[in-house]
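Student: Just a sequence and a predicted model for now, questions to come.
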Amino acid sequence: SQLLSNTATSFGGGLYNGNGRVVMDAVIFAVNGARNGGGLFNEGAGVVSMAASTVVTNTAAESGGGIGNAGSGSVITLTSGSLVQANAANAGGGINNHSGGVVTLSASSVVSNTANTNGGGIHNSGGAITLANGSLVQENRATNNGGGIWNQSAGAVTINNSAVLSNTVIGSGGGIYNSS
């Protein structure tokens, strides 16, 4: 299945999920665009599960080039080799997670994403990010801080048996930028 070349002026170029439950297997989100969550945007008590799926070359004018996740109760899980790659945004080139949202990557990767400000791969503000089971955050780029991961506002980042590799930034925290 594919969600290709869609646009939204606000949230979720390819998919917007507000308080619903979405389960995807082998879905491709490509060349979508929005203000937030270029590929997809999840909020409220929304739950999104993605297995063996790809989020690639999506753009967001503000945050979450590939994926946006916002609000307490909002949960996104990427498993089975899911890939978030070559997306771009002002903040959170690959993934933007904030305000109590939860994003878990298991055996999945965030690779070669770009942010004009912070969080080339992942931008986390007051949410929770978990990388597990060989997940990678690799070769992402940000202009300000947090080439791989930018974490702030009491956000939590947990890394288990995973790696943050070869990310670059002009400012601070090539791999991870962490600040309260």
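Tutor: Sure thing, it's come through.
Student: Now the spatially closest residue to Phe11 that is not a sequence neighbour: which helix or strand?
Tutor: In this structure, Phe11 finds its nearest non-sequential neighbour in Phe41, 4.1 Å apart by Cβ to Cβ, 6 or more residues apart in numbering. For every residue, glycine as well, the C-beta is placed using N, CA and C. Counting by DSSP states H and E, the element that carries Phe41 is strand 40-43.
Student: still on that earlier bit, now the residue nearest to Phe11, which residues is it bridged with?
Tutor: Beta-bridge partners for Phe41, by DSSP bridges, are Tyr16, Gly68.
Student: gap between it and Ala70?
Tutor: Distance, Phe41 to Ala70, by Cβ to Cβ, to the nearest Å: 8 Å.
Student: the more surrounded of these two?
Tutor: Phe41 (30 against 25; other Cβ atoms under 10 Å).
Student: how close does the more buried one get to Ile170?
Tutor: With Cβ to Cβ as the criterion, Phe41 and Ile170 are 28 Å apart.
Student: returning to what we had before: and for the strand holding Phe41, what's in contact with it?
Tutor: 3, 11-19, 22, 29, 32, 34, 48, 55, 64, 66-71, 74-76, 101 (Cβ atoms under 8 Å, 6 or more residues apart in numbering).
Student: List buried members of these by neighbour count.
Tutor: Buried members of the contacts of strand 40-43, counted by 16 or more other Cβ atoms under 10 Å: 3, 11-17, 29, 32, 34, 48, 55, 64, 66-71, 74-76, 101.
Student: among the residues you listed, which are in strands?
Tutor: 3, 15-17, 29, 34, 48, 55, 67-70, 75-76 (DSSP state E).
Student: right, and Tyr177 touches Asn145 too?
Tutor: Yes: taking contact to mean Cβ atoms under 8 Å, the distance of 4.2 Å between Tyr177 and Asn145 places them in contact.
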